[in-house]
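Chemist: what's the 3D shape of this:
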Amino acid sequence: MSVNVLLFKITLLLYFAATVLYLVDVLLHRDQAGRLARWVLVGGFTVHCATLVARYFATGYTPASNLYEALSFFAWAIVGTFLAFDLRYRLAVLGAFSCPLALALMIMGSAATKTTRELNPMLDSWWFPVHVTLAFLGDAIFGVAAVAGVLYLVQERMLKSKKFSTLYHSLPSLQTLDSINYKCLTFGFPLMTMGIISGAIWANSAWGTYWNWDPKETWALITWFVYAALLHGRLTIGWRGRRAAIFAIIGFLCLLFSFLGVNWFLSGAHSFKALEGR
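Modeler: Residues are numbered from 1 along each chain as shown. Okay, the predicted model is just below:
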């Protein structure tokens, strides 16, 4: 077993432990479990950083060229984004929803092939790490926005029905959740936009055209328009609360389909099978 695969498995176990501890805090109101979860997650993120570095030295390129690497990179970005927000908000309930998302990606990655291969010539460009980093960071921030959106809708439903579950006592105010949603949008949208632009420039250098309208590019553009509509609505119409939460969730579902659905169900130059082909 290679070093990077071993570190990947250790990371997965630490993320699993952090997820359990966050859930114990949120469902059983054990604050000590939440504090421990934070440190376990920081440890897992540190090991995950080492995993990516080890994979880089094993392959010689940014570890995001196949499904295994991309899922790991996406999970790393989500955890890193959550930890950044956690410095400001200290919300265990956000971790109780963000950690399972990263854990699910890691579990899917563990089932994918981990064989190292020579880099596809299409990816042999310095635009590759630029595009990948911008895209995944934007996607991760929108993942946290979607979590905040789900929590907003759950709390709003409880308040309207006056039926409060155990989760209610761990939730922040609706205003705080809406604020997180908006901050994610202000950071995530520019990153997504720069990711698309860098991808277009890279495509032109590789294929001689900025846009090919393959499924991945089409769904990326659809996702961009969803978030653009949300940003426009917030800035000009005053969208807040429920509508913004719903748009954040819809946008992330489009994003997930662009990332996973296109690769699994549709063919194109961006599919992992095409990128791994020789």
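Chemist: got the buried residues for the host helix or strand of Ala96?
Modeler: Per DSSP states H and E: Ala96 is located in helix 92-111. Using 16 or more other C-beta atoms under 10 Å as the test for burial, helix 92-111 gives 92-103, 105-106, 108-109. Placement of C-beta: from N, CA and C, glycine included.
Chemist: which other helices and strands contact it?
Modeler: helix 3-28, helix 31-59, helix 67-89, helix 127-161 (3 or more C-beta pairs under 8 Å, 6 or more residues apart in numbering; DSSP states H and E).
Chemist: gap between the third one and the chain center?
Modeler: This points to helix 67-89. 6 Å (C-alpha atoms, centre = their mean, to the nearest Å).
Chemist: Distance check, the residue nearest to the spatial centre of the chain against Leu14.
Modeler: For the chain, Ala140 is the residue whose C-alpha lies nearest the centre (C-alpha atoms, centre = their mean; 2.9 Å). For Ala140, the distance to Leu14 (C-beta to C-beta, to the nearest Å) stands at 18 Å.
Chemist: before we move on, back to that, I'd assumed Gly80 was in contact with the residue nearest to the centre of the chain.
Modeler: Yes: here Ala140 reaches Gly80: they are 7.1 Å apart, a contact under C-beta atoms under 8 Å.
Chemist: right, and Tyr152 touches Ala245 too?
Modeler: Yes: counting by C-beta under 8 Å, Tyr152 does reach Ala245; the two are 4.2 Å apart.
Chemist: Identify the contacts common to those two.
Modeler: Leu177, Asp178, Asn181 (C-beta atoms under 8 Å, 6 or more residues apart in numbering).
Chemist: quick one: what helix or strand has Tyr61 in it?
Modeler: Applying DSSP H and E, one finds Tyr61 in no helix or strand.
Chemist: what's the burial count for it?
Modeler: 18 (other C-beta atoms under 10 Å).
Chemist: Mind checking what secondary structure the closest residue to it other than its chain neighbours has?
Modeler: Excluding its sequence neighbours, the residue lying closest to Tyr61 (C-beta to C-beta, 6 or more residues apart in numbering) is Leu119, at 4.8 Å. Here Leu119 is recorded as coil under DSSP: H, G, I helix; E, B strand; the rest coil.
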